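Visitor: Got a sequence here, can you model it:
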Amino acid sequence: DFLVGEDTSDGTAAFMRVFSATTPFVVHLPGWPGGVSRFFLPDAERWKDPRLLSFQPGDIRELSVEWPGKPEESFLLKRTDEHVLHLYAPNGRKVARERIDTFRLDRFLGAFSDLYLEQRITEGQIDQHEGLLVPEPFAVLRIRQSDGSWNLLECHYSRPRQDDRQLHSTETPYDPNRFYLLMNEQEWSIVRFYVFNRVLRPLSFFLEENED
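Guide: Residues are numbered from 1 along each chain as shown. From the prediction side, this is the model:
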């Protein structure tokens, strides 16, 4: 641990001190024209781990993916006390194991530990995104872990930003690169589709292609 003070009077370095010491020292970054104290901001949002979830695939006890716009593609996964995983269709019927592409299912479950956020949105910032955020979610994920804890992920489309330099499709009114994520009904973030596409899967993705 160390303490960061103000920049030196000439603005080329910053005063720092090891937390347990009494003598400060000066830190200068070679090749950088200014001080470095402004890079050490105490804003907690800047230092949080960008990873969304920390559990392993085996920790998932129950998981559902709901598609409000195409309910026939929603599904539920449940793990028994014997660690057997079952897949259920929207009508509540269990999908026969021979119909399931287990390789795809395993990759789907393993992808949750690799999810990360692009930008956190603090409570005071959410009003700035009101014109971009589509209120109704296009996907809702509910995850229960072995310890009984739950995580609720609500995915909301983002309308394209006028100042965004990325290419956008003219065939859709939504940003194809990013969307808004509401976690546990309280924390908003901006995330990337290419990161989350691995877990935004419909029921048909897990079914063998030779089945009707």
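
Visitor: isn't H28 right up against G11?
Guide: No: taking Cβ atoms under 8 Å as the definition, H28 is not a contact partner of G11, at 10.7 Å. Any C-beta I mention is one placed from the backbone N, CA and C, and that applies to glycine too.

Visitor: so where's the protein shaky on pLDDT?
Guide: The model of the chain has pLDDT under 70 over residues 42-49, 161-172, 210-212.

Visitor: show me where it has helices.
Guide: Residue ranges of the helices in the chain, as given by DSSP state H, are 44-47, 102-110, 193-196.

Visitor: what comes up buried for the last one?
Guide: Of the residues in helix 193-196, those buried by neighbour count under the rule 16 or more other Cβ atoms under 10 Å are V195, F196.

Visitor: residue contacts, the closest residue to I143 other than its chain neighbours?
Guide: The shortest distance from I143 to any non-neighbouring residue, by Cβ to Cβ, 6 or more residues apart in numbering, is to N151 (4.6 Å). N151 makes contacts with L53, L141, R142, I143, Q145, M183, N184, as judged by Cβ atoms under 8 Å, 6 or more residues apart in numbering.

Visitor: can you name the two of these that are farthest apart?
Guide: Farthest-apart pair in these is Q145 and M183; separation 14.4 Å (Cβ to Cβ).

Visitor: In this structure V18 contacts F2, no?
Guide: Yes: in this structure V18 lies within contact range of F2 using Cβ under 8 Å: 5.1 Å.

Visitor: can you tell me the distance between the two ends of stretch 19-31?
Guide: 27 Å (Cα to Cα, to the nearest Å).

Visitor: And the closest residue to R17 other than its chain neighbours, how far from S37?
Guide: Computed as Cβ to Cβ, 6+ apart, the closest residue to R17 that is not its neighbour in sequence is P24, at 4.2 Å. Applying Cβ to Cβ, to the nearest Å, the value for P24 to S37 is 12 Å.

Visitor: between these two, which one's more packed in?
Guide: Taking other Cβ atoms under 10 Å, P24 and S37 do not tie; S37 has more neighbours (18 against 14).

Visitor: In contact with the more buried one, which residues?
Guide: Listed by Cβ under 8 Å, 6+ apart, the contact set of S37 reads V4, G5, E6, D7, A14, F15.

Visitor: Buried ones among the residues you listed?
Guide: For the contacts of S37, a burial check counting by 16+ other Cβ under 10 Å picks out V4, D7, A14, F15.

Visitor: In this structure the second one contacts G35, no?
Guide: Which is D7. Yes: between D7 and G35 there is a contact under Cβ under 8 Å: 3.1 Å.

Visitor: and of the contacts of S37, the nearest to R79?
Guide: V4 (46.8 Å).

Visitor: Looking at strand pairing, list the partners for that closest one.
Guide: Note on V4: beta-bridge partners by DSSP bridges are M16.

Visitor: Repeat that for S189.
Guide: R120, L181.

Visitor: Surely it touches Y116?
Guide: No: taking Cβ under 8 Å as the definition, S189 is not a contact partner of Y116, at 9.7 Å.
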